[in-house]
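A.B. asks: Turn this into a model:
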Amino acid sequence: MGKTRKVVSGEENAVAVAVAVAAKDERGRWEDLNPEILALIFVRIPADEMVRKVPLVCKPWMEAVAGPYCWRDINVAEWCRRRNDIRAVDLAVSKLVRWSKCTFQRLSAYRLGNPGFVFVANRGKCLTVLQMPMSDITDDMVLKHVTSLPNLKVLDISDCSKITVKGLEAFGNQCKSLVCLRRNLSTQRISADLTAIDDSEAKIIAKTMSNLQQLELCYGRFGDAGLSEILTNCKSLTYLDIEGSLNVKLEGDLEESVQRIEYFRFNGSPCIDDSDDESSGSEGSYESED
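C.D. replies: Numbers count the residues shown, from 1 in each chain. Here you go, the predicted model:
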């Protein structure tokens, strides 16, 4: 195994500088900090805590939270899990997007509804990462509003049962910068007819998302034919997870074809090309990409 290297990001450096500046001032004058630097500290706090508690501390903190700097990365996934209320999620996400003044670059939320998605899409000119598993969004809403998301690189629509092959095709045709797609089914949502082969989604992914580098299709209904088209058209794939895809047999040349994938997981057996310790894919490798 190669040596593990700790990479310190620019944001981590900025946080360290901000803390150091505040520490040098005996009076702890947070209000003298640049709001953007202050926001780099606040983004470490869960979003719901940020909204409910941080603004009450003092006026500078309230101004920082109400400004766009704190909301370039909107992550309310854990809060959405606890709330389990689509209407409440839509309202909360819309409020945070509004606070970002349309500068948000990443959004992570569960159980987003059509109104929330429309609000996000129409203000998502800077959005590169959209993670919205278990959401209630329909094909019609995707078809109408996906043109507003030209810079999208990462998309997670796992367990979005109302998005079908039509919605997938729309994302593929309009989001040409897409390099990561997660379209997993959870084991709790597996249908009784899982063994009935349906290659339609796999073929649309292959046809419209040829630049993908990371793809997750766990518990999909596609078979060898669908997988073959993905491997043929998506030449840049380095990470492929098809765990639980019962219709895949890897017959013929398929077993040899998957050997070129640096990380390939199928039926509980991750196959990793570890010839270069630094190159192996990972599940979250694109979550932090700008």
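A.B. asks: And stretch 64-72, end to end?
C.D. replies: Using CA to CA, to the nearest Å, one end of stretch 64-72 lies 13 Å from the other.
A.B. asks: Correct me if wrong: residue 136 contacts residue 157.
C.D. replies: No. Assessed by CB atoms under 8 Å, residue 136 is found out of contact with residue 157, at 11.5 Å. The way it works is simple: take the backbone N, C-alpha and C, and place the C-beta from them, glycine included.
A.B. asks: Show me which of those two is the more surrounded one.
C.D. replies: For residue 136 versus residue 157, the count of surrounding residues by other CB atoms under 10 Å is larger for residue 157: 23 against 20.
A.B. asks: Could you report the pLDDT at that one?
C.D. replies: Here, the pLDDT recorded for residue 157 equals 98.
A.B. asks: And it, how far from residue 178?
C.D. replies: According to CB to CB, to the nearest Å, residue 157 stands 11 Å off from residue 178.
A.B. asks: One more: residue 210?
C.D. replies: 10 Å.
A.B. asks: who has more neighbours, these two?
C.D. replies: residue 178 (23 against 17).
A.B. asks: quick one: low-confidence ranges for the stretch 101-250 of the chain?
C.D. replies: 187-195 (pLDDT under 70).
A.B. asks: where along it do the helices fall?
C.D. replies: With DSSP state H, counting those that start in this stretch as the criterion, the stretch 101-250 of the chain has helices at 114-121, 139-145, 165-174, 200-208, 224-233.
A.B. asks: quick one: stretch 197-210 to chain centroid distance?
C.D. replies: Taking CA atoms, centre = their mean, to the nearest Å, one finds stretch 197-210 lying 20 Å from the centre of the chain it belongs to.
A.B. asks: How about residues contacting that stretch?
C.D. replies: 164-165, 168-169, 171-173, 178, 181, 183, 212, 215, 217, 220-223, 225-227, 229-230, 232-236, 247 (CB atoms under 8 Å, 6 or more residues apart in numbering).
A.B. asks: Buried among those residues? Need that as a selection in PyMOL.
C.D. replies: The PyMOL selection below is limited to those of the contacts of stretch 197-210 classed as buried (16 or more other CB atoms under 10 Å):
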select buried, resi 168+169+171+172+178+181+183+212+215+217+220+221+222+223+226+227+229+230+233+234+247
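A.B. asks: who's in contact with the closest residue to residue 134 other than its chain neighbours?
C.D. replies: Closest residue in space to residue 134, ignoring its immediate chain neighbours: residue 159 at 4.6 Å, by CB to CB, 6 or more residues apart in numbering. Residue 159 makes contact with 133, 134, 184, 185, 186, 189, according to CB under 8 Å, 6+ apart.
A.B. asks: how near is the residue most central in space within the chain to residue 155?
C.D. replies: Note on the chain: the residue nearest the mean C-alpha position is residue 131, at 3.6 Å, using CA atoms, centre = their mean. As judged by CB to CB, residue 131 and residue 155 stand 8 Å apart.
A.B. asks: shared neighbours of these two, anything?
C.D. replies: Joint contacts of residue 131 and residue 155 (CB under 8 Å, 6+ apart) are residue 182.
A.B. asks: Please produce JSON lines containing the helices of the stretch 101-250 of the chain, extended by distance to residue 63.
C.D. replies: Shown next, in JSON lines, are the helices of the stretch 101-250 of the chain (distance: least, CB to CB, whole Å):
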{"stretch": "helix 114-121", "distance to residue 63": "24"}
{"stretch": "helix 139-145", "distance to residue 63": "32"}
{"stretch": "helix 165-174", "distance to residue 63": "37"}
{"stretch": "helix 200-208", "distance to residue 63": "44"}
{"stretch": "helix 224-233", "distance to residue 63": "48"}
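A.B. asks: Identify the residues contacting stretch 94-110?
C.D. replies: Applying CB under 8 Å, 6+ apart, the set of residues contacting stretch 94-110 is 47, 51, 65-68, 70-77, 80-81, 89, 93, 115-116, 119-120, 123-135, 287, 290.
A.B. asks: For residue 83, give me its contacts.
C.D. replies: Contacts of residue 83 by CB under 8 Å, 6+ apart are residue 89.
A.B. asks: Buried residues of stretch 154-164, list them for me.
C.D. replies: 154, 155, 156, 157, 158, 159, 160, 163.
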